[in-house]
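Just to be clear, the model below is a prediction. Sequence and coordinates:
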Amino acid sequence: QVQLVESGGGLVQAGGSLRLSCAASGRTFSEYVVGWFRQAPGQEREFVGAIRWSSDSPFYGDSAKGRCTVSRDTAKNTVNLHLYSLKPEDTAVYYCAASEYGPITVQNSYKYWGQGTQVTVSS
């Protein structure tokens with residue numbers, strides 16, 4: 001069992017940046033892909049990016065491509081999502097999730113989910 005906790009969300013002005021973190025307890029991330037998804041009010045949850053812990057290989061979706069970076073911190077056993085040049089349309093609840101197998105852009109591939117952290121971008 002893996003418990004995930006996101007942190008780092010908040011209110012930021014357009015053009016600003018934020019760093020979200022995903023911490024795991026129960027197990028390390030060593031055998032997982034850790035992904036970030038976001039869900040805006042009234043919209044479907046969408047894939048933002050992910051990293052395969054074992055190879056430190058990131059992969060990005062189209063939603064924030066070029067404006068985000070996914071990285072791992074091996075000392076803290078966390079996965080970070082840096083968001084840059086934020087826009088009001090980036091406002092959403094951001095979730096991290098862990099997957100052992102399956103297509104990394106697909107929600108159903110992820111077995112464990114955090115509770116989410118709110119990011120609000122003001123114009």
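Yep, that arrived. Residues are numbered from 1 along each chain as shown.

From residue 12, how far out is the closest residue to residue 114 other than its chain neighbours?
Computed as CB to CB, 6 or more residues apart in numbering, the closest residue to residue 114 that is not its neighbour in sequence is residue 4, at 3.7 Å. (Glycine included, C-beta is placed from N, CA and C.) Separation of residue 4 from residue 12 (CB to CB, to the nearest Å) stands at 23 Å.

before we move on, what about residue 90?
9 Å.

Please apply the same query to residue 85.
11 Å.

Please list the outside residues in contact with stretch 93-101.
Contacting residues not belonging to stretch 93-101 are listed as 2, 4, 6, 9, 20, 22, 24, 29, 31-40, 45, 48, 50, 79, 81, 107, 109-119 [CB atoms under 8 Å, 6 or more residues apart in numbering].

out of those, which are inside helices?
Among those, no residue falls in helices (DSSP state H).

Can I get the buried part of these as one PyMOL selection?
Those of the contacts of stretch 93-101 that count as buried under 16 or more other CB atoms under 10 Å are selected in PyMOL with:
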select buried, resi 2+4+6+9+20+22+24+29+32+33+34+35+36+37+38+48+50+79+81+107+109+110+112+113+114+116+117+119
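
now the strands for this structure?
3-7, 10-13, 18-25, 33-39, 46-52, 57-60, 68-73, 78-83, 92-99, 110-113, 117-122 (DSSP state E).

Rebuild the ones you listed as CSV, extending it with mean pLDDT.
Shown next, in CSV, are the strands of the chain (pLDDT from 0 to 100):
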stretch, mean pLDDT
strand 3-7, 96
strand 10-13, 98
strand 18-25, 95
strand 33-39, 97
strand 46-52, 96
strand 57-60, 94
strand 68-73, 96
strand 78-83, 97
strand 92-99, 97
strand 110-113, 96
strand 117-122, 98
